[in-house]
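J.: got a structure for you, letters missing:
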C-alpha cells in the first residue's frame, strides 16, 4: 500500500507557474506508475499527466501538453508536476495517483489517490 500527500498548490495569475509535489510512503515507490488528475468545480475528475516507474515514459492530456511537465525522483519517493503558462481553466483540485499498472491513463482505474491540492489561476 502507498500513501500520497500533495503540496505546492496555491493562487497564481494567468501566465504564471506552479510546481506541485507528491510525496509517497513505502519502500516500493519505484514499482508504481504515477499520475496527476484534476477536478474543477462542477466537473468530473480528468487525467492530466502520467509517468511510468522509471520516468522514461510520460504522456499528457492535450489541454496541458507543452505547458506541464511530470517528473519523478525514485530516491526521494516523489513525483512532481511543473505547470507553466497557467490559464484560468487550469483552476482545479489536483490529485496525485499511483497504480501498479505499467502506466496510468484516463480510462483505467487507479489504486491510490492523494487528498488533493487546490490550484487557482486568476485572470
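T.: Nice, thanks for sending it over. Here the structure is a predicted model, which is why all the values come from computation and not from measurement. Residues are numbered from 1 along each chain as shown.
J.: all the strands of the chain, in order from the start?
T.: 4-7, 10-13, 18-24, 33-39, 46-51, 58-60, 68-73, 78-83, 92-99, 112-113, 117-122 (DSSP state E).
J.: packing partners of the first one?
T.: Contact here means 3 or more C-beta pairs under 8 Å, 6 or more residues apart in numbering; DSSP states H and E; on that basis strand 4-7 packs against strand 18-24, strand 92-99. (C-beta placed from N, C-alpha, C; glycine too.)
J.: just send those back as JSON lines, with mean neighbour count and mean pLDDT too.
T.: Compiled in JSON lines, the helices and strands packed on strand 4-7 are given as follows (neighbours: other C-beta atoms under 10 Å; pLDDT from 0 to 100):
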{"stretch": "strand 18-24", "mean neighbour count": "20", "mean pLDDT": "98"}
{"stretch": "strand 92-99", "mean neighbour count": "23", "mean pLDDT": "97"}
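J.: residue 31 is nearest to which of those?
T.: Closest to residue 31 of the helices and strands packed on strand 4-7 is strand 92-99 (C-beta to C-beta; 9.7 Å).
J.: what angle do that closest one and strand 18-24 make?
T.: Strand 92-99 runs at 30 degrees relative to strand 18-24, counting by axes from the mean of the first three to the mean of the last three C-alpha atoms, to 10 degrees.
J.: list the strands paired with strand 92-99, with their directions.
T.: For strand 92-99, the paired strands and their directions (DSSP bridges) are strand 33-39 (antiparallel), strand 112-113 (antiparallel), strand 117-122 (antiparallel).
J.: for the ones you listed, give me TSV that also has mean pLDDT, mean neighbour count and distance to residue 70.
T.: Shown next, in TSV, are the strands paired with strand 92-99 (pLDDT from 0 to 100; neighbours: other C-beta atoms under 10 Å; distance: least, C-beta to C-beta, whole Å):
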stretch	mean pLDDT	mean neighbour count	distance to residue 70
strand 33-39	97	24	6
strand 112-113	96	16	16
strand 117-122	98	17	15
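J.: okay if I get the ones you listed as JSON lines plus distance to residue 19?
T.: Shown next, in JSON lines, are the strands paired with strand 92-99 (distance: least, C-beta to C-beta, whole Å):
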{"stretch": "strand 33-39", "distance to residue 19": "12"}
{"stretch": "strand 112-113", "distance to residue 19": "20"}
{"stretch": "strand 117-122", "distance to residue 19": "11"}
